[in-house]
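J.: sequence and computational prediction follow.
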Amino acid sequence: MLPVQKISKSRKRKRRSHHALTPIHYVRCPQCGNAKLPHCACDNCGYVNPSLALQIKEESK
Ligand SMILES: [Zn+2]
């Protein structure tokens, strides 16, 4: 199958102007310094905010 009509450079570039990826924003965990997503629990220590921290269980092999 071939395209019915050629898409001009301008039209192609206008469409692709919305395709840029944005970098993932990380913050440092104030407790252990690990990189974590804002408003999410830390993967390393479970810290969320001063009044809330999740219990992280160590994985058993
Ligand atoms: Zn942490």
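T.: Looks like it came in fine. Residues are numbered from 1 along each chain as shown.

J.: the ion contacts on the chain?
T.: 29, 31-32, 34, 42, 44-45, 47 (C-beta under 5 Å from the ion). (Each C-beta comes from the backbone N, C-alpha and C, glycine too.)

J.: can you map out the strands along this structure?
T.: With DSSP state E as the criterion, the chain has strands at 27-28, 35-36, 47-49, 52-53.

J.: just the buried residues from the residues of the chain next to the ion, in ChimeraX please.
T.: A single ChimeraX command suffices to select whichever of these are buried according to 16 or more other C-beta atoms under 10 Å:
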select :29,42,47
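
J.: so can I have CSV of the residues of the chain next to the ion showing pLDDT and distance to H18?
T.: Below are the residues of the chain next to the ion laid out as CSV (pLDDT from 0 to 100; distance: C-beta to C-beta, whole Å):
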residue, pLDDT, distance to H18
C29, 92, 33
Q31, 89, 38
C32, 90, 38
N34, 93, 33
C42, 91, 33
N44, 89, 35
C45, 89, 38
Y47, 88, 36
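
J.: find the residue at the geometric middle of this protein.
T.: In the chain, the residue lying closest to the centroid (C-alpha atoms, centre = their mean) is I24, at 3.9 Å.

J.: so in the protein, where's the weakest helix or strand by average pLDDT?
T.: strand 52-53 (a mean of 83; mean pLDDT, DSSP states H and E).

J.: please name every helix or strand in contact with it.
T.: Contacts defined by 3 or more C-beta pairs under 8 Å, 6 or more residues apart in numbering; DSSP states H and E place strand 52-53 against no helix or strand at all.

J.: for it, which strands pair with it and how are they oriented?
T.: Strand 52-53 has the following strand partners under DSSP bridges: strand 47-49 (antiparallel).

J.: quick revisit: what's the pLDDT at the residue nearest to the centre of the chain?
T.: On pLDDT, I24 comes in at 94.
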